[in-house]
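# Here is my input, please return the structure:
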Amino acid sequence: MQYGAAVSVLTILVVVLAVGGALAANRWIWRPRQEHDRTRGDGLTTTEVAVPLLTLATVLLVFVLVQVFSSWSSAGQAETAEATATLLLFREAQLLSDATARDRMRADVVCYATSVAEQEWPAMADQRISNVPTYWGDRARAAAVEQARSAANATTGTEVVERDGERAAARQRRLAEARPTVPLALNLLMLAAVTGTLVIMAVASASVVRPAVHAAIVITSALIFGATLLLVRDFDQPYSGVTGRAPEQTRFVRDLMAADVRDPLPCDAAGLPVGDPAFRAGTSALR
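Modelled structure (predicted):
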């Protein structure tokens with residue numbers, strides 16, 4: 001089970017068990033004792049104990065939620081930047097005077113965009129990187145460098161090499177956003193703060209609060225806190241989950257470029273090379 005799914009399951013399990021156990025303790029232990037002992041001894045009241053913990057849980061959740069939402073937004077910006085750089089590389093290659101090199105490079109760029117959408121996007125959902133976009137990126141860069149070294153296309157080839165560098169840098173930014181930004185220790189701290197708050201709310205109720213009203217308040221609070229914890233986890237993995245981003249910009253650019261290529265592409269619909277039996281598609285863990 002991957003890290004994000006494990007955190008989600010742990011969150012749901014802990015919140016459900018904590019609330020269920022605390023409500024049972026309230027019904028069978030706390031309230032019967034209240035009926036026989038209405039005196040208040042020295043020390044802190046339940047409210048004075050619960051408010052600091054509730055404040056800590058709320059501040060933690062709000063702060064982390066803002067941070068992961070910012071990361072989720074940055075993931076969309078990274079994809080847009082890469083798609084834009086890929087499209088500009090495709091158009092820059094059109095300036096090459098060597099027709100064979102021009103057509104080959106433009107086809108490779110289309111295959112690169114296809115492999116990003118069809119190969120690397122599913123890999124990023126598991127926090128992995130695909131070697132297929134690397135294959136097409138290396139081919140495009142090698143062709144650009146070859147043209148930069150030629151006398152006929154030295155200037156244009158150099159510009160294409162620089163544009164390919166922008167594409168590569170944008171890809172690295174996109175891959176960086178696939179890494180979780182919330183460490184396990186912080187996830188556990190938020191879960192502990194939320195669980196502690198819910199337990200106090202569920203157990204330590206005043207005798208004047210009807211059990212049905214008390215249970216409704218606690219369950220509603222548990223649903224809101226639990227949903228926020230799950231949303232934090234979901235935003236922290238921008239390429240998977242309920243809020244996971246789809247490669248819409250990449251596919252749009254791919255379709256735009258593919259419409260301008262007349263010859264058959266050297267890749268299939270999944271972006272895998274056609275006619276290169278030595279190549280083996282694979283993934284590796286993001287570092």
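# And the helices in the stretch 151-287 of the chain?
154-177, 184-203, 211-235, 248-258 (DSSP state H, counting those that start in this stretch).
# Include mean neighbour count when you put those helices into TSV, please.
All C-beta spots, glycine's among them, are computed from the backbone N, C-alpha and C. What follows is the helices of the stretch 151-287 of the chain, written out as TSV (neighbours: other CB atoms under 10 Å):
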stretch	mean neighbour count
helix 154-177	19
helix 184-203	19
helix 211-235	17
helix 248-258	19
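# Can you tell me which of those has the worst average pLDDT?
Mean pLDDT is lowest for helix 184-203 among those, at a mean of 83.
# Just list what it packs against, helices and strands only.
With contacts defined as 3 or more CB pairs under 8 Å, 6 or more residues apart in numbering; DSSP states H and E, helix 184-203 has these neighbours: helix 3-25, helix 46-93, helix 211-235.
# Quick check: next helix or strand after the longest one?
I take that to be helix 46-93. With elements assigned by DSSP states H and E, the helix or strand that comes after helix 46-93 is helix 99-115.
# mind listing what's buried in that next one?
Neighbour-count burial for helix 99-115, with 16 or more other CB atoms under 10 Å as criterion, is recorded at 101-115.
# quick one, that helix and helix 46-93 angle?
160 degrees (axes from the mean of the first three to the mean of the last three CA atoms, to 10 degrees).
# And the average pLDDT for helix 99-115 is what?
93.
# That helix vs helix 248-258, what angle?
Using the same axes, to 10 degrees, helix 99-115 lies at 150 degrees relative to helix 248-258.
# quick one: contacts of the helix or strand that helix 99-115 is followed by?
Heading C-terminal from helix 99-115, the first helix or strand you meet, by DSSP H and E, is helix 121-125. For helix 121-125, the surrounding residues in contact (CB atoms under 8 Å, 6 or more residues apart in numbering) are 129-130, 175, 178, 237, 239-240, 244, 246-247, 250, 283, 286.
# now do 10 Å
2, 4, 75, 79, 115-116, 128-133, 174-175, 177-179, 237-241, 244-247, 250-251, 281-286 (CB atoms under 10 Å, 6 or more residues apart in numbering).
# Are any of these buried, and if so which?
Listed as buried from those are 4, 75, 79, 115-116, 128-133, 174-175, 177-178, 237-241, 244-245, 247, 250-251, 283; burial here means 16+ other CB under 10 Å.
# Chain neighbours aside, what residue packs nearest to Gln147?
Residue nearest to Gln147 in three dimensions, not counting chain neighbours: Gly157, with 3.3 Å by CB to CB, 6 or more residues apart in numbering.
# these two touch, right, that neighbour and Ala140?
No. Gly157 is beyond contact range of Ala140, at 12.0 Å (criterion: CB atoms under 10 Å).
# Name the residues contacting each of the two.
Going by CB under 10 Å, 6+ apart, residues that sit against Gly157 and also against Ala140 are Ala93.
# that older thread, so who does the residue nearest to Gln147 touch?
Per CB under 10 Å, 6+ apart, neighbours of Gly157: 92-93, 95-98, 101, 143-150.
# now with 6 Å?
Counting by CB atoms under 6 Å, 6 or more residues apart in numbering, Gly157 touches Ala144, Gln147, Ala148.
# Could you do Thr181 as well?
Ser71, Asp236.
# Repeat the analysis, applying 7 Å as the threshold.
Gln67, Val68, Ser71, Asp236 (CB atoms under 7 Å, 6 or more residues apart in numbering).
# For Asn153, see how far away the third one is.
Meaning Ser71. When CB to CB, to the nearest Å is applied, the distance between Ser71 and Asn153 equals 40 Å.
# If you count surrounding residues, which of these two has more?
Asn153 (21 against 18; other CB atoms under 10 Å).
# tell me which element the nearest residue in space to that one that is not next to it in sequence is part of?
With CB to CB, 6+ apart as the criterion, Asn153 has its nearest non-adjacent residue at 4.2 Å, and that residue is Gln147. Here Gln147 sits within helix 132-149, counting by DSSP H and E.
# Right, I'll call it a day here.
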